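A.B. asks: can't give you the sequence, but here's the structure:
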């Protein structure tokens with residue numbers, strides 16, 4: 001080897017794979033001119049040289065629809081609504097949207113768009129799912145079930161008979177599921193819980209049909225008879241739940257059968273009023289708001305205020321709850337404590353109107369009535385009385401009650 005010349009390096013491929021890229025680059029720069037390159041090219045003992053660390057890795061296989069739907073569901077449950085759309089749509093794109101395999105993706109996309117407030121898109125996805133499950137008999141494990149029909153009933157643009165038709169399809173699906181559970185004759189706790197859940201859901205669907213016949217279809221000749229039949233079935237299907245009794249009370253109020261209405265309302269309240277908020281038998285928030293309205297209509301103002309205090313403790317951002325509380329306290333004008341009740345009424349109504357403005361609430365009739373009540377209260381109480389409780393007596397109670405604002 002001549003003096004001053006660098007040795008020619010035959011770089012073994014296995015050796016290259018064991019050393020760092022910067023070292024390889026340094027060694028490669030030390031090779032001795034064309035003769036070394038020739039040796040490298042002609043050597044039969046050296047494999048063709050490749051840099052393992054510079055090769056492009058193979059792309060990962062696409063995620064399955066099941067994985068994508070799970071990802072979308074987790075994002076939805078985490079409140080990341082916009083992020084949940086893409087994986088759900090990617091899952092649907094991999095499926096044949098004319099067959100039952102697409103039902104889970106269609107249902108999920110419908111629910112996501114409901115949460116996003118994109119009602120037209122939600123209706124489209126649920127409608128596509130309903131076409132696939134035309135006979136209402138596809139199992140829930142395959143994406144069937146009543147939910148899509150019940151959503152379409154609520155999202156119906158036409159309302160009236162169209163809503164009733166969708167509710168009836170949902171009820172049909174639930175009846176099929178209930179019968180399947182009964183046919184299994186399994187008495188374990190899980191099966192019984194599922195059976196009770198289906199029965200309650202069926203009862204609520206029937207009660208929803210009653211509401212339609214009492215509003216949009218009240219002009220039909222047989223509307224009252226249909227309401228009677230539906231509410232009777234609902235109370236028989238789910239006798240241990242509050243919703244059928246509450247609906248029965250609504251029917252009786254419309255018939256001016258006030259004592260029967262009060263009896264049904266008391267029965268509805270007794271089922272859940274002493275239970276914890278997360279107990280399964282406690283009706284959902286909107287149902288209890290409707291209950292408060294019925295209690296006020298039936299003259300059960302004290303019971304209504306108790307329900308509304310509990311609702312405010314759970315969610316203090318409802319315009320309607322604050323309005324109903326103010327109205328209920330305003331109605332308590334008899335007795336020695338009327339003045340305190342009216343001062344509290346003014347607090348509730350003022351807070352309701354504050355939220356009304358903040359939320360750009362759309363029920364103008366509610367807003368006008370609240371203003372009318374406030375005008376009466378201000379005239380009767382005067383500004384000085386308003387300061388008695390309104391200056392500093394803010395509602396703040398760890399147990400979620402609203403005793404001070406209710407004048408307790």
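C.D. replies: It's in. The structure presented is a predicted model; accordingly, all values stated were derived computationally and were not measured.
A.B. asks: mind checking the SS state of residue 280?
C.D. replies: coil (DSSP: H, G, I helix; E, B strand; the rest coil).
A.B. asks: lowest confidence element among the helices and strands of the protein?
C.D. replies: Within the chain, confidence by mean pLDDT, DSSP states H and E is lowest for helix 13-16 among all helices and strands, at a mean of 38.
A.B. asks: mind listing the helices in the stretch 51-200 of the chain by residue range?
C.D. replies: Listed in chain order, the helices of the stretch 51-200 of the chain (DSSP state H, counting those that start in this stretch) span 65-77, 81-93, 103-116, 119-132, 147-155, 160-184, 189-214.
A.B. asks: Report all helices and strands that the last one contacts.
C.D. replies: The elements that helix 189-214 packs onto, with contact taken as 3 or more Cβ pairs under 8 Å, 6 or more residues apart in numbering; DSSP states H and E, are helix 147-155, helix 160-184, helix 223-237, helix 242-254. Bear in mind the C-beta positions are built from the backbone N, C-alpha and C, glycine included.
A.B. asks: any idea which of those helices is most buried?
C.D. replies: With neighbours taken as mean count of other Cβ atoms under 10 Å, the helices and strands packed on helix 189-214 reach their highest mean count in helix 242-254, at a mean of 23.
A.B. asks: Now do the helix or strand that that helix is followed by: which elements does it pack against?
C.D. replies: Counting by DSSP states H and E, the next helix or strand C-terminal to helix 242-254 is helix 258-272. Contacts defined by 3+ Cβ pairs under 8 Å, 6+ apart place helix 258-272 against helix 242-254, helix 285-297, helix 301-314.
A.B. asks: Show me what the mean pLDDT comes to for helix 258-272.
C.D. replies: What helix 258-272 shows for mean pLDDT is 97.
A.B. asks: orientation of that helix relative to helix 242-254 in degrees?
C.D. replies: 170 degrees (axes from the mean of the first three to the mean of the last three Cα atoms, to 10 degrees).
A.B. asks: what comes into contact with helix 258-272?
C.D. replies: Contact with helix 258-272 is made by 240-243, 245-246, 248-250, 252-253, 279, 281-283, 291, 294-295, 298-300, 303, 307, as judged by Cβ atoms under 8 Å, 6 or more residues apart in numbering.
A.B. asks: go on, stretch 109-124?
C.D. replies: Here stretch 109-124 makes contact (Cβ under 8 Å, 6+ apart) with 72, 76, 81-82, 84-85, 88-89, 92, 125-126, 129, 148, 151-152, 155, 157.
A.B. asks: Any idea how far apart the tips of it sit?
C.D. replies: End-to-end distance of stretch 109-124 (Cα to Cα, to the nearest Å): 10 Å.
A.B. asks: chain center to it, what's the gap?
C.D. replies: Between the centre of stretch 109-124 and the centre of its chain there are 12 Å (Cα atoms, centre = their mean, to the nearest Å).
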